[in-house]
Structure formats: structure tokens, C-alpha cells
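1. Sharing a model that was predicted from the sequence below.
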Amino acid sequence: MIDVNIIRQDPEKIRDMLKNRNYPYDALNGFLEADEEWRLLTDKGNALRKERNDVSKLIPELKGDKKTKKIDEMRLVSDKIREIDSRLAELDGIREEFVLNIPNIPHHTVPLGKDSNDNVIVGQHGVLRKFDFEPKEHYEIAESLDIIDFERGVKVAGSGFYVLKGDGAKLERALINYMLDMHDDQGYKEVFTPVIVNRDAVIGTGQYPNMKDDMYWIERDDLWLNPTAEVPVTNMHRNEIFDRNELPISYTAYLPSFRREAGKHSDTKGIIRVHEFNKVEMVKFVHPDGSFDVLEELRENAEEVIRGLGLPYRVILLCTGDMGFAAAKCYDLELYAPGKKGWLEASSCSCVSDFQARRAGIKFRPEPHLKSEFVHTLNGSGLALPRTMAAILENCQNKDGTVTIPEALRPYMRGREIIGR
RNA sequence: GCCGAGAUGGCCCAGCCCGGUAAGGCGCGAGCCUGGAAAGCUCGUGGCGGUCUCCGCCUCGGGAGUUCAAAUCUCCCUCUCGGCGCCA
């Protein structure tokens, strides 16, 4: 969440921000009113509490009529406090509802824009391969090689699920290990967390309430299937205070991720948009100073994964209107898919400033005698597996229907060089 | 799932039976002392709000209740640990 003081001091700034992010902004007035009354009543309540506290200390020493009189007096004071408290609880509800639904404030380097058309392509890398045959789409290749079985996935779990078989399953496993090893070399500590998280966790990183319909919810236990490893990994340190010298902290995690994908989407063919997918994620906890420079490093770390696979890609800087709820600045990395003749978003690297730290209570002490402050958190995929696999299949396909395995993955695939031969 | 024990400030722990200003220790910091350090001693060390060197309120897992007053009494819930059961 954002700092309430900013809303109080400069509501116009927040109004503009919400507008730039395509969020409704008329709710702001309701908040300011509720907040004003909340502050007034808090003061009033505190004054009454002070009176009660003071008198409570005296009462044991009083005797007879004086005592009875004071007790009667305090009974009225307590009634009044109760009354104020119940109104405060209402106001708190309004305030919290509002604050939890306000997206992060974009960094000043984020381009203004309405939707994905206003995103900025900041770079394109690698060569787009020239084919001497018509390249196929990933699902055609995968089905003819019998390494992805869509029908069986549907049978087991439903539409939007698939089964990897043989070299397909091996390729998945190879990609996970390749990515984890690379992040390990880059200085990230590998963790493997629960795949199911609680409500505090999804509130902490901002998926709840905003994205709650996009997550699988286990009602009976009020638990949620991991939507992205950013959630469990960031929440590992919920309500913790780091010593200054503990920062920065860098984690990498492989974790299955689940998306309900409620509502209609295009691009449902193949494994581009599925309900369950593997992802290797990077998460950082850093000092607020220079956190946006760290974002550049994080993005570079993700790009290295792509370059290692030899895939052509481009880097997109998202505009205000297209950025996720929690992000202050976000780069997408898109892989080129020659069969589809389009780009696949395989990574999203964000600096979320203190937005999640505030929600999740993640702080650090700048100096031992100073007050604790919120850390900044960052996260980025490195990478999402299905789209990476799709890009590999399409970029590395051969005329005879086989697929040449990228060299970097061969050690992880028992030295195999070609799928389908 | 059943039975039992727990949850107190960054960490540990007392207070709970018997309601009345949350004690002490560790760690960390500042100071004193020292040639320097250790030890020792003194002070500080959660959150929010304000009229911000000061003052107030809140904070004992969460919520509700009783009471003039709740860490303390009552009820409900959550989590942790141990035992039993079930089990990869």
C-alpha cells in the first residue's frame, strides 16, 4: 500500500496517478472524508482514554461516596469510548478497503500511457532466424513429436492443463535446473517454498484483494494456490526487521504457479496461457536508495537467461496504464516466436518500491539507534517455463520436424542434441 | 481428527491462580571509565497521532464479552509445540 500521508497531503497527485493507471478515482473523496473523521474521533477517544486512565489510578485510593461517584462518572466515559470505538471500526474498514485497493505510485521514469500500445520498446537482441521452410507453431511441433499431450491434461485437470512427455518433460526439468544454476551463479540464494499460501501472504504482496478472482482459493482452509513465487518468497520475511548489513537479500525459487485466468482471453492455443505453469523467479530485498538501479541489474540477470538459450528477444518498458498493481516500474521481456510470428512475454521484472514492504511489514534498521524503515522489494521471472519452451520449439525447429536442443541445456538433458531423432 | 501445553517489545522470559503504571535478562546503541580494549556502571532501544527537545494514545496471538478498570476473568477463533490416531 502507499503511504497514507501522501494521500492526505497531496490528494491531487493520487488522483492523477489513478487516472494515469486507468483506475477509478472518485472513491478518493470517500476516503478523505472517512480519514478526516477518523482522525478527529481518534483524538477525541484518546482524550477520554486519558481521563479514564488517570481516574483509574485514583479509584483504588478513594473511599465511600467519592469512590461511588467517580465510578459512576467513569461508567459514562466508558460508554462514550465504546461508542466512538465502534464508529472508528467502521471508518477503519472504509480506510483499509480503500488503501488496499490503491495501486503503487509509478516511478518518475515510467512513460505515461493508456495501454500496451504506449509501452516503450527499449531494446531488441539476438537475430531473427531466416527459415527456408514455413516455421510451425509450438503446439504443432510438440504434438507431432509427442512431447506435449493436451488431451490427457484436459482429462486429468481440465482445459488449460497439459501433460509433458518424454523429452518434453526432460526439457522442462532441464530449463528449471539451467535457470536456477544461472541465478545461483548470479548470487541468488535458492529457496523452495510452500506452493500454498495464506491470506496474509496474498495481501502482503498485493494480489489480494485486487487479483483475488485470478487465484485458486481453497475455501475450507482459506488458503491460496501460489500465483507467482514472488508471493511466498517475499512473504518469507513478512513482519521482520533486517539489520542494515543483512541487505541486499537475493533469492531465486522454482515454483509451480497457478492462474484461474477468469474471463475471456485470446491466445489460448498451446501452452501460452495455462492454469498451471512452472516459473523460476528472482526476488530481492534492498535498501530504498538505488532500488531502481537494482531493477536494471535484475532485468539484466533475466536477460542473461534468454541470451544463454540463444533466443531473440526484446525489452519493453511498461507505461503507467499497463503496469501491474504493485509495480512502481516494470520491464517485460518478450521472446520471439517465429511460428506464431509474434512476441511472447516470458518475464516481468518489477521494482515495487516500499509498496509490498508496507503491506507485509518488512523493514530494516538503517542505523542501530535509528527508527526502522521499509525496505524496497523487487521481483522478476527468470523465466516462465511454458513460453520459454514454446519459443525454443519454434526457434530451434528443423525442416524435418525435429528440434535442436540449445547447447546450454544439453548437459541437463543427458547430452541429447535433438528432440525427435 | 482427539488429548495436553503454549503464544508477552528485535530475541529470551516473569507477571495470569488472587484485575489496578508490562518486571528482568540477552542483543544492539550512546555515555562514563581506559593508553586502547574487555569487564563494570548509567541511560536508551515497539507502533500511531499531535500543537513534534514535549505530550497523549495504543501494543501481551486475533476477535467478542464482563468491569470504573483486563496481559490477568468469560466465550469464540487462529497458529505453534508435544502425545495419540491416520498416512507418502
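-> Now that the structure is in, tell me what you want to look at.

2. What is the neighbour count of the residue in the stretch 151-300 of chain A positioned nearest to RNA strand B?
-> Here the residue of the stretch 151-300 of chain A nearest RNA strand B is residue A:241; by CB to the nearest atom of the strand that distance is 5.4 Å. C-beta here means a position set from N, CA and C on the backbone, and glycine is covered the same way. Residue A:241 has 14 neighbours, counted by other CB atoms under 10 Å.

3. so where does it fall, helix or strand?
-> For residue A:241, the element it lies in under DSSP states H and E is strand A:240-243.

4. cool, residue A:380 as well?
-> Secondary structure (DSSP H and E) places residue A:380 in strand A:376-384.

5. Quick one: name the residues of chain A near RNA strand B.
-> By CB under 7 Å from any atom of the strand, the residues of chain A that approach RNA strand B are A:4-5, A:39, A:42-43, A:45-47, A:49-50, A:52-57, A:59-60, A:71, A:74-75, A:77-78, A:89, A:221, A:241, A:368-369, A:371-372.

6. residue boundaries of the helices in the stretch 151-300 of chain A?
-> Secondary structure of the stretch 151-300 of chain A (DSSP state H, counting those that start in this stretch): helices located at A:167-185, A:199-204, A:230-235, A:291-309.

7. Among the ones you listed, which comes closest to residue A:338?
-> Nearest of these to residue A:338, taken as CB to CB: helix A:291-309 at 14.5 Å.

8. The longest helix seen in chain A: what's the following helix or strand?
-> If you go by DSSP state H, chain A has its longest helix at helix A:64-100. Going down the chain from helix A:64-100, the next helix or strand is strand A:120-125, by DSSP H and E.

9. who's in contact with the residue of the stretch 251-400 of chain A found nearest RNA strand B?
-> Using CB to the nearest atom of the strand, the single residue of the stretch 251-400 of chain A nearest to RNA strand B is residue A:368, 3.0 Å away. Residues near residue A:368 by CB atoms under 8 Å, 6 or more residues apart in numbering: residue A:243.

10. Off-centre distance for whichever helix or strand comes after the strand holding residue A:380?
-> Helices and strands here follow DSSP H and E; after strand A:376-384, the next one along the chain is helix A:385-395. Remark: helix A:385-395 is offset 23 Å from the chain centroid, using CA atoms, centre = their mean, to the nearest Å.

11. swap in stretch A:184-196?
-> 16 Å.

12. And stretch A:66-73, by the same measure?
-> The answer for stretch A:66-73 is 56 Å, by CA atoms, centre = their mean.

13. same deal with stretch A:2-20?
-> 22 Å.

14. now swap in stretch A:301-314 and tell me
-> 22 Å.

15. swap in stretch A:234-248?
-> Counting by CA atoms, centre = their mean, stretch A:234-248 comes out at 17 Å from the chain centroid.

16. again, but for stretch A:337-352
-> The answer for stretch A:337-352 is 17 Å, by CA atoms, centre = their mean.

17. what pLDDT, on average, does that stretch get?
-> Average pLDDT, stretch A:337-352: 96.

18. before we move on, what about stretch A:140-157?
-> If you average the pLDDT over stretch A:140-157, you get 94.
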